[in-house]
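Asker: Sequence below, structure please.
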Amino acid sequence: MSQQDFIIWVFCWVDDNLTQLQQGTRFRSRGLPPKLSDAEVITMEVIGEFLGFSTDKGIWTYFCHHWREWFPGLGSRANFAKQASNLWVVKQKLQEKLAILLGAFDRPVHIIDGFPLPVCGFKRAKGSANFKGQADYGYCAAKNETYYGFKGNLMIDETGVLTGVTLTPASVSEREAAWDLAAPIKGYLLGDKGYLGIEFKQEMKKQGIEMITPMRANMDDPLPKETRSMINAKRRLIETVIGQLAGQFAIEKCWARDLWHLSNRIARKLLSHTLGIFANFKQGKSQRDWLQQANVIGC
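Answerer: Just a heads-up that it's a prediction; the model follows:
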C-alpha cells in the first residue's frame, strides 16, 4: 500500500479500537478533549516509528513539515509529547489486542530473549542522575560489554509476533524476568543458555510450559542432533525481531530520563512493529512474510 493509504489504515484501526477500549468511558476525568485526538497522536507515533523517527521531536517535526493538513489539531511539540506519554498504557493494550487477533497467544511455541538498554555511556554512569535507584549495571554477552541501564526482555510466538515485554534493571537475571512474560502462554518456550536451570525448568513445567534451552559443552544433550538443529534455527527468529527493533525502531537507544517516558517509547515501538505484521496479514501475505516490514509501504 502507499504511504498515504498506510496512514489512513493505521488511523482507522486505532480509532475503531480506541472506541472499543474506552467502552463509553473517557480517558480523562475532567477538562476539554484535546484538539489533537488520541487516535491522531497514536497514529503519528506509530507511523513515525515505522519510518525511523524514534524521538518525539523527530515525529512531531516530520508531521509538521509533511502532514499538517491531515492533522490540523497538531500544536506544540511539548503538548504532543505530553499527550503521547499519557497514552502509554493504551498503546500496550492495543499491541496486546493485535497479538490476540493474530493468534499469537494460542500458538504452541514461543521464544524468549533479552536485549541491553543502556541509559548513558558507561564512563558517565556514576555521575548520572537519570534512573537513579532504578537502573543498574549488567553484562551483555552478545556485545561482550558491561553497561549501565536496563534489560529489555521479549517474548514472541513462532511467527515473530510480540507476546510480551518486561523492563528490568540490567543486573536482574533472565530467568526472573521470564515469569511475567510466560504467564499467558502454554506449550514450548525456547530460550538461550541464560535460561538454563533444573529448578527453573521444573517450576515452568508446573505452569504448563516446557522450557527448552541449549546445553553447555559439559552436559549431555537428551535431544537428537536433527531436533536440536531445528530448535536452534527456530530460536534465531527472536534475533531477527530484536534486530528489527534495534535497527528500524532504535529500541536500544534511550533518550528518556524517566520510566514514564521510557515506557511510552517502548510501547509505541512494539505497537508499530506489530501493526506492520498485521498490515502484512491483512494484505494476505503468508506467515513467513509477516516480518517483512520493508514491504508494507510501497508494495
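
Asker: so Met44 touches Arg68, yeah?
Answerer: No: if you go by Cβ atoms under 8 Å, Met44 and Arg68 don't touch, sitting 10.9 Å apart. In short, each C-beta sits where N, CA and C put it, glycine included.

Asker: Mind listing the shared neighbours of those two?
Answerer: Residues touching both Met44 and Arg68 by Cβ atoms under 8 Å, 6 or more residues apart in numbering: Leu74.

Asker: neighbour count winner among the two?
Answerer: The residue with more neighbours, out of Met44 and Arg68, is Met44; 27 against 11, by other Cβ atoms under 10 Å.

Asker: Next, that one: phi, psi?
Answerer: phi -60, psi -40 (degrees, to the nearest 10).

Asker: try Leu117
Answerer: phi -130, psi 80.

Asker: how far away is the residue nearest to the spatial centre of the chain from Ala142?
Answerer: In the chain, the residue lying closest to the centroid (Cα atoms, centre = their mean) is Leu270, at 3.1 Å. Distance, Leu270 to Ala142, using Cβ to Cβ, to the nearest Å: 20 Å.

Asker: Can you list the buried residues in the host helix or strand of Ala233?
Answerer: Using DSSP states H and E, Ala233 maps to helix 225-235. Across helix 225-235, burial judged by 16 or more other Cβ atoms under 10 Å covers 231, 235.

Asker: Name the surrounding residues that touch that helix.
Answerer: Contacts of helix 225-235 (Cβ under 8 Å, 6+ apart): 109, 111, 158, 190-192, 212, 214, 221, 223.

Asker: just stretch 43-52 next, same as before
Answerer: Residues contacting stretch 43-52 (Cβ under 8 Å, 6+ apart): 6-7, 10-11, 14, 58-60, 62-63, 71, 74, 80, 84, 91, 248-250, 268-269, 271-272, 275-276, 293, 296-297.

Asker: show me what contacts Leu98?
Answerer: Contacts of Leu98 by Cβ under 8 Å, 6+ apart are 161, 271, 274-275, 277-278.

Asker: go on, Leu101?
Answerer: Counted by Cβ under 8 Å, 6+ apart, Leu101 has contacts Phe278.

Asker: if you set the cut-off to 10 Å instead, what comes out?
Answerer: 17, 161, 274, 278, 281-282 (Cβ atoms under 10 Å, 6 or more residues apart in numbering).

Asker: out of those residues, who's nearest Gln134?
Answerer: Thr274 (26.4 Å; Cβ to Cβ).

Asker: So what's the predicted local confidence for the closest residue in space to that closest one that isn't next to it in sequence?
Answerer: In space, and not counting its chain neighbours, Thr274 is closest to Leu98: 4.6 Å by Cβ to Cβ, 6 or more residues apart in numbering. Here, the pLDDT recorded for Leu98 equals 97.

Asker: again with Phe27
Answerer: 69.

Asker: contacting residues for Glu199?
Answerer: Arg175 are the contacts of Glu199 under Cβ under 10 Å, 6+ apart.

Asker: so it sits in a strand?
Answerer: No: read with DSSP: H, G, I helix; E, B strand; the rest coil, Glu199 is helix and lies in no strand.

Asker: For the residue nearest to the centre of the chain, pull up the helix or strand it's in.
Answerer: helix 259-282.

Asker: ok, now Arg257?
Answerer: Going by DSSP H and E, Arg257 is not in any helix or strand.

Asker: quick one: it and Phe131 touch, right?
Answerer: Yes: under the criterion of Cβ atoms under 10 Å, Arg257 makes contact with Phe131 at 7.7 Å.
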